[in-house]
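Student: Build the 3D model from these lines:
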Amino acid sequence: MVSNLAGFPNLIRSKLSNLSDLTTLPPQSVLLGSLVGVGLGLLLLGSTSRTQAVEVLLLCLGILLIWRSHRSAFRDRLTGLPNRTLFMRRLECRVRQTNQHKQNGFAVLFLDLDRFKSVNKKFGSKRGDRLLAKIASRLKTSISSRDFLARVGGNEFAILLSEVQSEEQASWTAHHLQVQLNLPFEIDTQEICLTTSIGIVLSSAGYVWSDDLLRDAQTAMYHAKSLGRARYALFQPSMRVQAVTLLQIETDLRRAIERQELRLHYQPLVSLQTGKIIGFEALARWQHPKHGLIAPAEFIPIAEDSGLITSVGYWAMLQACYQLRVWQQRFLTDPPLMVSVNLSSRQFAQPNLINQVECVLAETGLDAQTLKLEITESMVMEDIEAAIATLEQIKALNVRLGIDDFGTGYSSLSHLYRFPADTLKVDQSFVSRIGLDEENNEIVRAIVTLAHNLGMTVIAEGIETQEQLAMLRSLNCEYGQGYFFSEPLNHEAAALLIAAAPCW
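Tutor: Numbers count the residues shown, from 1 in each chain. Modelled structure (predicted):
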């Protein structure tokens, strides 16, 4: 038997030239093969071929150790998934095979977990790591065994769908993955909910280089984010131009505050009982030197994704309070004018928010009761207990609180009574249909009644017609805003409007 094993060392040595292929093999296969070799080496030790036995042992142990080294270079330690390097090798191979042999088509999905940095800030990096591991596990069980899943970035995953014949098939898979990832994750008895943005690229576009394919999948993902997150988008060539534009806007935004390119416009808040202006909502605008006036819907998402929203949000709060203080000293109204400032989700979640509000009030000398901070219901629902604690700290400063866009999010009515809010704002999507749809009228009536029962006053946004105004007055809605009264104005035009003292 020993003589039959004489050529075994040469056989093992010949395999060392293909170690890179071992990274794609199941761990059990390589481990078992190496252990068999070690066993044979031990068997040879009992024979006269001691030199061969030692060589077999060294070679097999070498294969095992080198395989482990290669495997760690191609695997993500946290999730156990293939990493970006291995994914690109597999993708490159598939692109080459498809082009050479006209194989069945495939697709690549690029997934990015929305606002994952906020999750890490709220729950800590250790819980965030455990969440990533659970996400990886859920993704693995949500795709076919023929598909190839990898973690390609901190909160980014990529999937090579092995057989995709149509856009519909790839889109269905993306939707299925979003549904699965939308289900809550439980970490230490804490439920964590998140959403995912996905970019899709099909091989039918005729790619030659794998790098181009993954880049376009990532570009499509960013396009999905720009549409409001929690979406998927199929790559279109026009998105490349858009991606370059967005990158330039982000670069310009970093300098916009220093260059004083940001502006605040003010939309009047009107008492529906008296018809008089009682305050304003401050809305950010960006006077870009090349692109002109950019609306917040275009640059705020970029500010959030880049982390610039903290600086932009603080600037907006400070400027709004300074401007209100000037108006209060110039126009002695009773009660004093007030201002509403919108908080972004990242701004609301930052640990030093309360300190920022205190600093703004101290620096401007503004009466806290004339400042109102508005949040959306979905922001509160991301982490109810933490959100309520933050809201209570804000209320302790005597700052007023408003829930914005009510009816468009997913707040639980069982929690709404716990929110220490002063006002509830009816979303303009409901206001715009007043008089057109009886069911919609009943929804508005129910929202107003609910708010009053919870001790909140109601603001209707997006009022554009006399009929809408009359209906809201009949429902005892306290306040309104919209183009029926005025569009958002710069501070000079807003001052002229205050001085004119209109009454609607």
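
Student: Model confidence for P488, exactly?
Tutor: What the model reports for P488 is a pLDDT of 94.

Student: Which residues are in contact with it?
Tutor: 265-267, 281, 283, 285 (Cβ atoms under 8 Å, 6 or more residues apart in numbering). (C-beta placed from N, C-alpha, C; glycine too.)

Student: State the number of residues packed around the residue nearest to it when sequence neighbours are not counted.
Tutor: In space, and not counting its chain neighbours, P488 is closest to H265: 3.8 Å by Cβ to Cβ, 6 or more residues apart in numbering. Neighbourhood size, H265 [other Cβ atoms under 10 Å]: 20.

Student: Work out for me the element H265 sits within.
Tutor: strand 262-271 (DSSP states H and E).

Student: So which bits of that strand are buried?
Tutor: 262, 264-270 (16 or more other Cβ atoms under 10 Å).

Student: Over to stretch 296-315?
Tutor: Quick answer for stretch 296-315 (16+ other Cβ under 10 Å): 296, 299-305, 308-314.

Student: So what touches it?
Tutor: 115, 117, 225-226, 228-229, 246, 249-250, 253-254, 257, 262, 283-286, 343-347, 350, 356, 360.

Student: Generate a ChimeraX selection restricted to the buried subset of those.
Tutor: Buried residues within the contacts of stretch 296-315, by 16+ other Cβ under 10 Å, are selected in ChimeraX with:
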select :115,117,225,226,229,246,249,253,262,283,284,285,286,343,344,345,346,347,350,356,360
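
Student: What residues are bridge-paired with F185?
Tutor: For F185, the beta-bridge partners are I192 (DSSP bridges).

Student: Let me see the confidence value for it.
Tutor: 90.

Student: again with S271
Tutor: So, for S271, pLDDT stands at 97.

Student: Once you drop chain neighbours, what's closest to it?
Tutor: Per Cβ to Cβ, 6+ apart, closest to S271 is I278, 5.0 Å.

Student: and the one you found, helix, strand or coil?
Tutor: Following DSSP: H, G, I helix; E, B strand; the rest coil, the label given to I278 is strand.

Student: what about it, how many neighbours?
Tutor: I278: 17 neighbours (other Cβ under 10 Å).

Student: before we move on, what about R84?
Tutor: 16.

Student: list the contacts for it?
Tutor: Contacts of R84 by Cβ under 8 Å, 6+ apart are 150-153, 158.

Student: and the residue nearest in space to the middle of the chain, how far is that from A220?
Tutor: Geometric centre of the chain, nearest residue: D114, 2.3 Å, by Cα atoms, centre = their mean. Distance of D114 to A220, computed by Cβ to Cβ, to the nearest Å: 15 Å.

Student: now swap in F280 and tell me
Tutor: Distance from F280 to A220, by Cβ to Cβ: 39 Å.

Student: out of these two, which sits in the more crowded spot?
Tutor: Counted by other Cβ under 10 Å, F280 and A220 do not tie: F280 has more neighbours, with 28 against 25.

Student: pLDDT wise, what is the closest residue to the more buried one other than its chain neighbours at?
Tutor: Closest residue to F280 apart from its sequence neighbours, by Cβ to Cβ, 6+ apart: Y266 at 3.8 Å. Note for Y266: predicted pLDDT of 97.

Student: same check, this time on L202
Tutor: 91.

Student: Now go through the contacts of stretch 296-315 and say which are in strands.
Tutor: Using DSSP state E, the members of these that fall in strands are 262, 283-286.
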